[in-house]
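>>> Below are the sequence and a predicted model; questions follow.
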Amino acid sequence: MRTSGFTALPAIVLGAGLSLGGLAGMAGSACAQEGKLVLYTSQPNTDAQQTIDAFKAKYPKVEVSFVRDGTPRIMAKLRTEIQAGAPQADLLLIADSVTMEGLKAEGRLLAHQGADVSAYAPGTHDAQKFWFSTKLITTGIIYNTKAGFKPESWNDLLRPEAKGNIVMPSPLNSGAALIHAASLTGTLPEGWDFYRKLKANDALAGGANGDVLRQVAGGEKLFGVIVDFLPIREKAKGAPVEFVFPKEGVSAVSEPVAILSTTKNPDAAKAFVDFLLSEEGQTLALKQGYLAAHPKVAVPAGFPARGSIRLMSFDAVKTLKDENAIRKAFSDIFTQ
Amino acid sequence: MIQPFRAQAGVPLLEREGRFVYWLALVFLVAVSALPGLALLRASLAPAGGFDPWHTVTELARPSVVRASWNSLSTSLVSAIISVALGGVAALLVAVTDMRAKRAFAFLFAMSMLVAPQVAALAFKTLLGPASPVLQMIGLAPAAGTPNPMLSYGGIVIVLGLHHAPVVMLTLLAGFKSIPMHLIEAAQVDGARPAHIFRTIVLPLVSGHLAAGAMLAFVAALGNFGIPALLGLPINFLTLPTLIYRQLSSFGPSVIADVAALSVLVAVIAAVAIVASARLLAAAPPPLEAEHTIKPFWQLRNTRPVVEFFAASIILVVLVLPVLSLGMASIVPSYGMRLGIETMTLRAYGEVLIRQDATLEAFRTSFSLAGVAALLLAFVAVPVSFAINRFAKRSRGLLLFLIDLPYALPGIVIAIATILLFLHPLPVLQISLYGTPWIILFAYLSRFLTLAVKPVAATFQHMSPAIEEAAAICGADFFTRLRTIIIPQLLPAMAAGAVLVFLTAFNELTVSALLWSSGTRTLGVVLYGFEEAGLTTEASALGIVTILVVGLLMLAIDRLKPHLPKGVVPWSVDDSVAQSRR
């Protein structure tokens, strides 16, 4: 028995010893050092990684790591870290500017006066340069090609043929979904009753946009509410889905980027913002299948011309104030 | 080191030195078990500082909480019944019949438990539904527009039930080992048939273990996060752990008092189940003294091929089909497409193993956290075993309670308690642990301590004090005895405990889902993130990789088994039980 212990333990001691080294390394990365950046983003993992890789190709000495989650959850994580006195992020690249306005009002953002916004229309960035839109991401309707009809209006989701076959993102998980709820209830004459009718039509609202794509592409549901780039991109890869810009219009978010005032590496963070706003960064967004914010960058395949997309408007000030009330109203309607 | 031996009246020889290890153990236990528990109680009873239990009461009376509580109770109870039925049959096949290939059966069945719950849920999710690659291949996929049947109450209950069935099997196998063979032989001599022997002798003798197994399955299901998260959250079917997760992850620290109240509720339900099962266990017949314990007495004869086919089907359903489905889902170009020779691609593996920094970092994080927790706990187990077996007299019960509590309670409770403890920077030091790997390590040390202590304490208890006393009489001091006598005897058990901690922590999601931060995402968190982001193909690829890692680790430990004390490799079927009677 004694010898057996001596043969078994060294391997474990060695393994765990190596692990301890790794853990100490991880702890070190928690305090930002020169050349390190942490990005909190709601971009899908693959896109975030591509964006970072393109940035690193230009700035090889900056190490960028990222955390991805839906905007409300990224914000919940960040708020917890702020309360614990240790915000980890240097940069935020999240769905909507409403959240950015809230952070700006709390003094959590750092202005980037040197940012070159000459090519952009006013309104796509904060006047005091606290945040900058990088894209235009609209929310419309996705359907599986095996669905019985092509939806053309938001009201088509209330048709009996779609009953039990609709899925949409929840504002608890998605920033775009929050803006969408604010836009839709403000635009459609029946307001929140539209969502109650959707619930009566057995619509499901659980996860985020990725989940909607998965369920409609997989044929578990036939119709969904979703951000544009996911279905347009997957359709190009061969997934059996189509995206529709409904006739009443689509809601839109602008995926703004901002630097947190607590950043320990403001210079690298500013370089990252500059990169996203540069023509190169905007062309990358195009290649990824996004409608870039830069007006001169082309429209990706599968999108209509910029001018032809009809946008539903929403009250940004009111949405910021009612953020949690909207989430609560929504989840009260849809939770089982 | 050698000092002249001096007599000291009243205190047993071995207790005269080394009492400080008792205090070491006590300080450790208070830090990892009592402090988080108190933080949780304080947050739920006095959310704003002053004593105000009404906040908790009103929070728990909300309709969504009542619904989630009901969902939790119902899924746990029904899934526990499934676990008991399936685990009971599996234990029966292994322990009393002359079925062939028992070792392989037990190994594969137990492996289905060591596949992480979130991976198992993902595998079953890809197995059924219109997009199922397996069903599409054999032309049985339901029409588009058919919901995935796994995304439902039934799906959650079935996957939970299958996932926890091995726990019941292992608990029952331990029970079978205490049945004296002579009872069965006596019945055989009287001409009793195997089914009759099983019903009248075996079953009553393992009733206590059956109750214990059912309780373990119930509490495990109650605390499970990965399965209801993947199969319930997309359809808004919430259990208490997923409700807590959704509240905290969407609303942040503003709802910390509410989720503290919810955690206390989960803890209370688990505690009631544990107490109830302890009562049942106390009422069960005491273990009998036996020289020879049970051997397989049920000769299946003609029905053996049928039974073996049935056993193979169990493995097919709990392990082969889900893993196959996961593997196929990981090589389609885009989820929902039909898998064909010309379209299959390893792109997702390239993405998770090479392209994505996050996954590589997650491998490092999970390996480091699980490795460090395993190593530290293996060494902590020594003073803790000293404390409970040698020095603790009246406080023994308290120590055992503090050791078992964090593991007995659902993981989400530990996660919330840990957040509460570290939500504000540490007093005096002004260091914040939140957002660092240390907070997850702390939670792992708390939660998995008992896994490391159990084998070491058991070995310690059975160690003969004679050698140590002889050494003490010869003048060897405490440290000399520790180094030359105690530790060498405990090493195999320490290694076994460390391995158990590693395997459990490596697969873990519940705790890290709430404690991760930039740079400290575990494999479970990254896989769940992929799935939530709609990247089912990538999630499946990562799932396959983790199954391979766990399988390889299990095989490695299986090879180490001859060097380990009996009973520490959780899925091992004792030779005496496994061997068929000739």
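Arrived safely, thanks for sending. Numbering: from 1, shown residues only, chains lettered A, B, ... in the order given.
>>> Enumerate the residues of the stretch 151-300 of chain A near chain B.
Taking Cβ under 8 Å from any Cβ of the partner chain as the contact definition, the stretch 151-300 of chain A meets chain B at A:164-165, A:172-173, A:204-215, A:217-222, A:230, A:234, A:237-241. Quick note: C-beta positions are derived from backbone N, CA and C, even for glycine.
>>> Of the residues you listed, select the buried ones using a PyMOL command.
Entered in PyMOL, the line below selects the buried ones among these, by 16 or more other Cβ atoms under 10 Å in any protein chain shown:
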select buried, chain A and resi 165+172+173+204+205+206+207+208+209+210+211+212+213+214+215+217+218+219+220+221+222+230+234+239+240+241
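>>> Just the ones in helices from the residues of the stretch 151-300 of chain A next to chain B, please.
Among those, the members falling in helices (DSSP state H) are A:N209, A:G210, A:D211, A:V212, A:L213, A:R214, A:Q215, A:A217, A:L230, A:E234, A:K237.
>>> Identify, from the residues you listed, the entry nearest to chain B.
A:G210 (2.5 Å; Cβ to the nearest Cβ).
>>> Phi first, then psi, for the residue nearest to the closest one when sequence neighbours are not counted.
Residue nearest to A:G210 in three dimensions, not counting chain neighbours: B:G534, with 2.5 Å by Cβ to Cβ, 6 or more residues apart in numbering or on different chains. Main-chain dihedrals, B:G534, degrees, to the nearest 10: phi 90, psi 0.
>>> do the same with A:M168
In terms of degrees, to the nearest 10, the main-chain angles of A:M168 are phi -150, psi 160.
>>> Verify the stated contact: it with A:G207.
No. Contact criterion Cβ atoms under 8 Å: A:M168 and A:G207 do not qualify, at 9.5 Å.
>>> tell me, what residue is most central in the chain?
No chain in the question, so chain A it is. Ranked by distance to the mean C-alpha position of chain A (Cα atoms, centre = their mean), the top residue is A:S42 at 3.2 Å.
>>> Not quite, go with chain B.
B:T504 (6.2 Å).
>>> distance of it from B:G175?
23 Å (Cβ to Cβ, to the nearest Å).
>>> Equivalent analysis for B:L24, please.
35 Å.
>>> Just give the nearest non-adjacent residue to B:V206, would you?
B:G175 (3.8 Å).
>>> Equivalent analysis for B:L405, please.
Sequence neighbours aside, B:S33 is the residue nearest to B:L405 in space, at 5.6 Å (criterion: Cβ to Cβ, 6+ apart).
>>> pLDDT wise, what is that neighbour at?
Among the per-residue scores, B:S33 holds a pLDDT of 92.
>>> list the contacts for the residue nearest to the centre of chain A?
A:R68, A:D69, A:G70, A:T71, A:I74, A:L93, A:I94, A:A95, A:S174, A:G175, A:E255 (Cβ atoms under 8 Å, 6 or more residues apart in numbering or on different chains).
>>> can we see that at 6 Å?
A:G70, A:T71, A:I74, A:I94, A:A95 (Cβ atoms under 6 Å, 6 or more residues apart in numbering or on different chains).
>>> Could you do A:N209 as well?
A:P169, A:S174, A:I226, A:V227, A:L230.
>>> before we move on, what about B:L262?
B:I244.
>>> and the helix or strand hosting it, how far from the chain's centre?
In this assignment (DSSP states H and E), B:L262 forms part of helix B:256-283. Computed by Cα atoms, centre = their mean, to the nearest Å, the chain-centroid distance of helix B:256-283 equals 17 Å.
>>> residue ranges with poor pLDDT in the chain?
Reading this off chain A. A:1-34, A:336 (pLDDT under 70).
>>> Chain B is the one I meant
Checking chain B against pLDDT under 70 turns up B:1-10, B:285-291, B:336, B:563-582.
>>> Longest helix in it, please.
helix B:63-96.
>>> Could you identify the helix or strand that succeeds that one?
Scanning onward from helix B:63-96 (DSSP H and E), the first element met is helix B:102-114.
>>> in that next one, what counts as buried?
Those would be B:K102, B:F105, B:A106, B:F107, B:L108, B:F109, B:A110, B:M111, B:S112, B:M113, B:L114, for helix B:102-114 by 16+ other Cβ under 10 Å.
>>> export the host helix or strand of the residue nearest to B:V206 as CSV, just CAs?
If you go by DSSP H and E, B:G175 is part of helix B:153-176. The C-alpha coordinates for helix B:153-176 follow below in CSV (Å, rounded to 0.1, in the frame of the first residue of the first chain):
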residue,chain,number,x,y,z
TYR,B,153,-40.9,19.1,-18.9
GLY,B,154,-40.6,15.5,-20.1
GLY,B,155,-37.2,16.0,-21.7
ILE,B,156,-35.8,17.6,-18.5
VAL,B,157,-37.2,14.8,-16.4
ILE,B,158,-35.8,12.0,-18.6
VAL,B,159,-32.3,13.5,-19.0
LEU,B,160,-32.1,14.2,-15.2
GLY,B,161,-33.3,10.6,-14.5
LEU,B,162,-30.8,9.0,-16.8
HIS,B,163,-28.0,11.2,-15.6
HIS,B,164,-28.5,10.4,-12.0
ALA,B,165,-29.3,6.7,-12.4
PRO,B,166,-25.6,5.7,-12.0
VAL,B,167,-25.6,7.3,-8.5
VAL,B,168,-28.4,5.0,-7.5
MET,B,169,-26.6,2.0,-9.0
LEU,B,170,-23.4,2.7,-7.1
THR,B,171,-25.2,3.3,-3.8
LEU,B,172,-27.1,0.1,-4.2
LEU,B,173,-23.9,-1.9,-5.2
ALA,B,174,-22.4,-0.7,-1.9
GLY,B,175,-25.5,-2.0,-0.1
PHE,B,176,-25.3,-5.4,-1.9
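>>> Can you list the buried residues in the helix or strand just after that helix?
Using DSSP H and E, the helix or strand that follows helix B:153-176 in sequence is helix B:181-189. Neighbour-count burial for helix B:181-189 flags B:M181, B:L183, B:I184, B:A187 (criterion: 16+ other Cβ under 10 Å).
>>> Return the residues in contact with the third one.
Which is B:I184. B:I197, B:F297.
>>> Kindly recompute the last result at 8 Å.
B:I184 neighbours (Cβ under 8 Å, 6+ apart): B:I197, B:I201, B:V202, B:I294, B:F297.
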